[in-house]
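[1] Quick one, fold the following:
(3 chains)
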Amino acid sequence: MTEQKTPPVVLVDGSSYLFRAYHALPPLTTSKDHPTGAIKGVISMIRRLEQDFPGSKMVVVFDAKGKTFRHEMYEEYKANRPPMPDDLACQIQPIHEIVKAMGLPLLTVSGVEADDVIGTLANEATSKGIDVVVSTGDKDMAQLVSDHVTLINTMTETRMNRDGVVEKFGVTPEQIIDYLALVGDKVDNIPGVNKCGPKTAVKWLESYKDLDTLIEHSGEIKGKIGEYLREATETLPLSRELATIRTDVDLDFGLEDLELRQQDDDKLLELFREYELRSWIAELENDAASSHSDNGPDQQKTADIEKRYSVITDQGELDQWVKRLKAADLFAFDTETTSLRYMDAEVVGVSFAIEPGEAAYVPLGHDYMGAPEQLDRDTVLKQLKPLLEDPKLAKLGQNLKYDKNVLANHDINLEGIAEDTMLESYVLNSVATRHDMDSLAMQYLGEKTITFESIAGKGAKQLSFNQIELEKAGPYAAEDADITLRLHHALRPMLADTGKLASVYETIDLPLVPVLSRMEQRGTLINASVLRKHSQELAERMAELEQEAHEVAGETFNLGSPKQLQAIFYDKMGLPVIKKTPKGAPSTAEPVLQELAHDHELPRLILEHRSLSKLKSTYTDTLPELINHRTGRVHTSYHQAVTATGRLSSSEPNLQNIPIRSEEGRRIRQAFIAPEGYKLVAADYSQIELRIMAHLSGDKGLLTAFEKGEDIHKATAAEVFGVSVDGVSGDQRRSAKAINFGLIYGMSAFGLSRQLDVSRKVAQQYIDRYFERYPGVLKYMDNIRKQAHDDGFVETLFGRRLYLPEINARNKQMQQAAERTAINAPMQGTAADIIKRAMIEVEDWLLREHGDEARMTMQVHDELILEVKESALEKIRSGLESRMSAAAELDVPLLVEAGAGDNWDEAH
DNA sequence: ACGTTACCCTA
DNA sequence: GTAGGGTAACGTA
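    This next block holds a predicted model:
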């Protein structure tokens, strides 16, 4: 039996969460444009802590305005920090008010930082024998950790005790200050030791225990880094002092003065309404409604919705649920399966939710030793089939494409896909978050969900769902449905409130789900024997190259190892270093070897070997292995919530990077074939991004060029180089093409000069000349940059948003990168929207009119690939072209070029 | 066994 | 200069 302990006092570092929430969360605003992202983030973290530490005294500490004693010690302290952005500053007051209304003591002490207040209170508590939990996102606080003080990062859900500090940093809490002093801090402008990072600091502290001893023995440290250490000996004591959190601040109050007060519901409701924090409003209202029946003692308030999860193994109970599902306006639905790979997956159970907090799991295929008797899978699926196939019964799920695919394995055609939380989250903010359910629950509901790993384990020993005990599987699966439902309630209003996002979700991403599902299930046909033969040829040629390379080098080595290549090229042969990798090692990348190949044989051999090895390992070896035994075809996965711009991505295999540029590579495309009696039709949008640029910018010259159907690169060359269209040389056209691509990518003179191998000055002249001839484009580029800076996001033609959190970053490089994204995203994203619209339309048309004659099988960003019956070839080709062209009404024609052939190479 | 780095394939 | 995914090597568990 253990002693009943006093609950720990919880000290919350509000300021550290303020910044993190501001950067991590999407730039949400109220309908009156008051930003709320940081409010939401900080408050939901405090609420989580209230749940996790019931009965604890909690104190929330923020930095006060103005300078602190550290500035007096060191003028340059935090001199690198930019002023707080306005849209963060204006959220501080509301947070303070909400914290107060929640009844929590709020502290801001001028002249010191929040850290010091926390350090002092922690010190006071431990001296009285009370344990302390410090909630912070700031690693510097690790110095406070002791047997009685732990850290918790409520954002990342990690707790750190003494052992945790040692594990994370490699030094004890007592050594953290010295560690921080050595490493320094760019943001706070603490100098530290030049070139000394975490690794070096840990190494030194391991050998010398503390900073003073290290300084005494600094003469023993060899090499350049030793010199840097000796250079820093004068500033190190200052660095150490700056890094030290004070535990002896003279506060005019003590812990006992900081009382929790009763939460002021009325005030809180008013604040939540003002900042439109909908889910919390609903919760408060519910609490108020139910508080009469709640006559228990004044406990921790029930921030959680009461959860009623059931596991159904009784037919009567299932019937009750089915009845309710049929009557519901919308129900959440989830399948548990044997595998994440949709082609192999079988249903292990299904879960449902209609009302928040209430959910049911119906286990159907748990087959571990001693599993309880369950309802018969096929019988239940048969019972559910009419329900799941009814397009009028609206279903909600998280990534329903997967569920649709899995159900197809059981001959169920899921229809009525009405809402999908993964897509809601993606459309709301494609960049700021991952869109898996666990992340979404944390972000939008402030709730930690049961992870699959926690019930199934991980790595090779991970169990599949059918092997998981019902006691664990039930809550997990039911929670999936419940969380999905509650997420939808949180996300859907946000979509409706934000520009045209709801329409992007409703008319583009959601209707695409069944289209992609069918494309995935259809798969594509591949000639495995051609690929295997190709693999063999590649292997032979590679062996020759390898032997030659070994002879030339005079030693054997692994041609695929950049490290060994470096040793041979730069250490042994002494070749010039043309470029370095990001980590500073001399690069052996393709353009470098290309350059070196002028004077040496070895780089050429490596280059050829490398390109063949790439083709072999990525394509010719792998693709045949991915052929499904049941269908004889290859089934990719299209991911709808991955890219920042709205494009799809493809994996296992990635069909969007099948080679085309080299002859050897095209042989791989030749292995993508049509079935007997069919041809492959490949239709692609010609110059779609440039056309979108013409449309968005409204530039007269560009619009005219496209209207006349001119060769756009030639037309550009004629303008930039001042020659007639007929007089454009091949070189001029090539340059113009690079300029046009550069424009789409947010070009700089530097980038263009490298691409064209001309001086930066010449590149700049080209750019200037271009903008002179196409002034509308320049104006558009300027506008879009300005818009990005003002709004923090850019939009596609259809209103899909891309947030650019780094557009106003202090780091100029980051800011410029964000500007390039701002320029590129509307074009790339609009193109993505257009082809998605085309896919929905084409699929609908084919299913309606040509069910057995043609089917869409692949999408590669601006290209659709279909299998078409030979007899219907011309009809389908023209219908396809016209539908793709009509997928958007632009001020320029959308030209589509479609070809046909026995394989993808021929069709393209 | 897992994560990171360097490299390279596509639009 | 934009946006992705996959592989081998390599370092750390």
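[2] got the residues of chain A near DNA strand B?
    A:458-460, A:562, A:581-583, A:585, A:587-590, A:593, A:607, A:610-611, A:614-615, A:618, A:656-662, A:665, A:860-863 (Cβ under 7 Å from any atom of the strand). Quick note: C-beta positions are derived from backbone N, CA and C, even for glycine.
[3] now, which of those residues lie within strands?
    Among the residues of chain A next to DNA strand B, the residues falling in strands (DSSP state E) are A:E863.
[4] are any of the residues of chain A next to DNA strand B buried, and which?
    A:587-588, A:593, A:607, A:610-611, A:615, A:618, A:656, A:658-659, A:665, A:860-863 (16 or more other Cβ atoms under 10 Å).
[5] Among those residues, which are located in helices?
    Of those, the ones assigned to helices by DSSP state H are A:L593, A:L607, A:R610, A:S611, A:L615, A:G665.
[6] Kindly reformat those residues as TSV containing distance to DNA strand C and pLDDT.
    Formatted as TSV, those follow (distance: Cβ to the nearest atom of the strand, whole Å; pLDDT from 0 to 100):
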residue	distance to DNA strand C	pLDDT
A:L593	16	94
A:L607	15	94
A:R610	10	94
A:S611	12	93
A:L615	10	95
A:G665	13	94
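[7] I'd guessed A:H550 sits against A:I568; true?
    No. Contact criterion Cβ atoms under 8 Å: A:H550 and A:I568 do not qualify, at 10.5 Å.
[8] Check chain A for the residue nearest DNA strand B and tell me.
    A:G459 (2.6 Å; Cβ to the nearest atom of the strand).
[9] mind checking how far A:E285 is from DNA strand C?
    In this view, A:E285 and DNA strand C are 39 Å apart by Cβ to the nearest atom of the strand, to the nearest Å.
[10] before we move on, what about A:I190?
    26 Å.
[11] quick one: contacts for that residue?
    A:Y77, A:L180, A:A181, A:G184, A:S239, A:L242, A:A243 (Cβ atoms under 8 Å, 6 or more residues apart in numbering).
[12] If I look at the residue nearest the centre of chain A, what pLDDT would I see?
    Centroid-nearest residue in chain A, with Cα atoms, centre = their mean: A:R434, separated by 4.5 Å. Listed pLDDT for A:R434 reads 88.
[13] Assign it to helix, strand or coil.
    Classification of A:R434 by DSSP: H, G, I helix; E, B strand; the rest coil places it in coil.
[14] Would you mind giving both backbone torsions of it?
    Dihedral angles of A:R434 (phi, psi; degrees, to the nearest 10) stand at phi -80, psi 160.
[15] For stretch A:115-132, which residues meet the burial criterion?
    A:115-126, A:130-132.
[16] Kindly report the same for stretch A:74-93.
    Going by neighbour count (16+ other Cβ under 10 Å), the buried part of stretch A:74-93 is A:Y74, A:Y77, A:K78, A:D87, A:L88, A:Q91, A:I92.
[17] quick one: contacts for the third one?
    This points to A:K78. A:R70, A:H71, A:V187, A:D188, A:N189.
[18] From A:K836, how far off is it?
    46 Å (Cβ to Cβ, to the nearest Å).
[19] for the fifth one, same thing?
    Distance, A:L88 to A:K836, by Cβ to Cβ: 35 Å.
[20] likewise A:R486?
    28 Å.
[21] Neighbour count for these two, which is higher?
    Neighbours per residue (other Cβ atoms under 10 Å) separate A:R486 from A:K836, with A:K836 holding more: 26 against 22.
[22] name the element A:Y179 belongs to?
    helix A:173-183 (DSSP states H and E).
[23] Report the secondary structure element holding A:K67.
    Here A:K67 is assigned to strand A:58-68, by DSSP H and E.
[24] ok, back up a step: dump the contacts of A:I190 to a markdown table, plus pLDDT.
    Shown next, in a markdown table, are those (pLDDT from 0 to 100):
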| residue | pLDDT |
| --- | --- |
| A:Y77 | 77 |
| A:L180 | 86 |
| A:A181 | 86 |
| A:G184 | 79 |
| A:S239 | 84 |
| A:L242 | 87 |
| A:A243 | 87 |
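[25] pLDDT weak spots in chain A?
    When residues are selected by pLDDT under 70, those of chain A lie in A:1-5, A:24-26, A:79-83, A:155-157, A:186-187, A:223, A:287-305.
[26] pull the longest helix from it.
    Max-length helix for chain A by DSSP H is helix A:812-849.
[27] what about that helix, distance to the chain center?
    Centroid separation between helix A:812-849 and its chain, computed with Cα atoms, centre = their mean, to the nearest Å, is 17 Å.
[28] Would you mark the buried spots in it?
    Within helix A:812-849, the residues that qualify as buried by neighbour count (16+ other Cβ under 10 Å) are A:817-819, A:821-843, A:845-846.
[29] Likewise for stretch A:637-654?
    Residues of stretch A:637-654 classed as buried: A:637-641, A:643-648, A:650, A:653 (neighbour count, 16+ other Cβ under 10 Å).
[30] restrict those residues to those near DNA strand C?
    Okay, of these touching DNA strand C (Cβ under 7 Å from any atom of the strand), that's A:H639, A:T643, A:A644, A:T645, A:R647, A:S650, A:P653.
[31] And for the helix or strand containing A:Q564, what's in contact with it?
    Using DSSP H and E, A:Q564 falls within helix A:562-566. Helix A:562-566 is touched from outside by A:F557, A:N558, A:L559, A:A585, A:P586, A:T588, A:I606, with contacts defined as Cβ under 8 Å, 6+ apart.
[32] Contacts only, for the fourth one.
    In other words, A:A585. A:A585 is in contact with A:P562, A:K563, A:Q566, counting by Cβ under 8 Å, 6+ apart.
[33] The last one - how many residues pack around it?
    I take that to be A:Q566. 17.
[34] now swap in the second one and tell me
    Close neighbours of A:K563, defined as other Cβ under 10 Å, add up to 10.
[35] how close does it sit to A:S587?
    Taken as Cβ to Cβ, the span from A:K563 to A:S587 is 12 Å.
[36] Next up, the contacts around whichever residue of the stretch 201-350 of chain A sits closest to DNA strand C.
    Proximity of the stretch 201-350 of chain A to DNA strand C (Cβ to the nearest atom of the strand) peaks at A:V202, 10.5 Å away. A:V202 is in contact with A:F169, A:G170, A:V171, A:Y179, counting by Cβ under 8 Å, 6+ apart.
[37] Just put those in TSV and tack on neighbour count and distance to DNA strand C.
    TSV is the format used below for the contacts of A:V202 (neighbours: other Cβ atoms under 10 Å; distance: Cβ to the nearest atom of the strand, whole Å):
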residue	neighbour count	distance to DNA strand C
A:F169	21	12
A:G170	16	8
A:V171	23	14
A:Y179	25	16
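[38] ok, those vs A:L277, which is closest?
    Taking Cβ to Cβ as the measure, A:F169 is the one of these closest to A:L277, at 36.6 Å.
[39] Could I get the contacting residues of the closest one?
    A:K139, A:A142, A:I176, A:Y179, A:P198, A:V202.
[40] at 7 Å instead, please
    A:A142, A:I176, A:Y179 (Cβ atoms under 7 Å, 6 or more residues apart in numbering).
[41] re earlier: ok, residues contacting the strand holding A:K67?
    Residues outside strand A:58-68 that contact it (Cβ under 7 Å, 6+ apart): A:10-15, A:46, A:49-50, A:99, A:104-114, A:117-118, A:121, A:258, A:260.
[42] pretty sure A:H695 is in contact with A:E889, am I right?
    No. The pair A:H695 / A:E889 is not scored as a contact, 9.4 Å apart, by Cβ atoms under 7 Å.
[43] More neighbours: which of the two?
    A:H695 (21 against 8).
[44] Is the strand or helix carrying that one in proximity to DNA strand C?
    Using DSSP H and E, A:H695 sits within helix A:688-697. No. Between helix A:688-697 and DNA strand C, judged by Cβ under 7 Å from any atom of the strand, nothing touches; the nearest distance is 8.9 Å.
[45] List the buried residues in whatever helix or strand comes next after that helix.
    Sequence-wise, the next helix or strand downstream of helix A:688-697 (DSSP H and E) is helix A:700-707. Buried residues in helix A:700-707, counted by 16+ other Cβ under 10 Å: A:G701, A:L702, A:L703, A:A705, A:F706.
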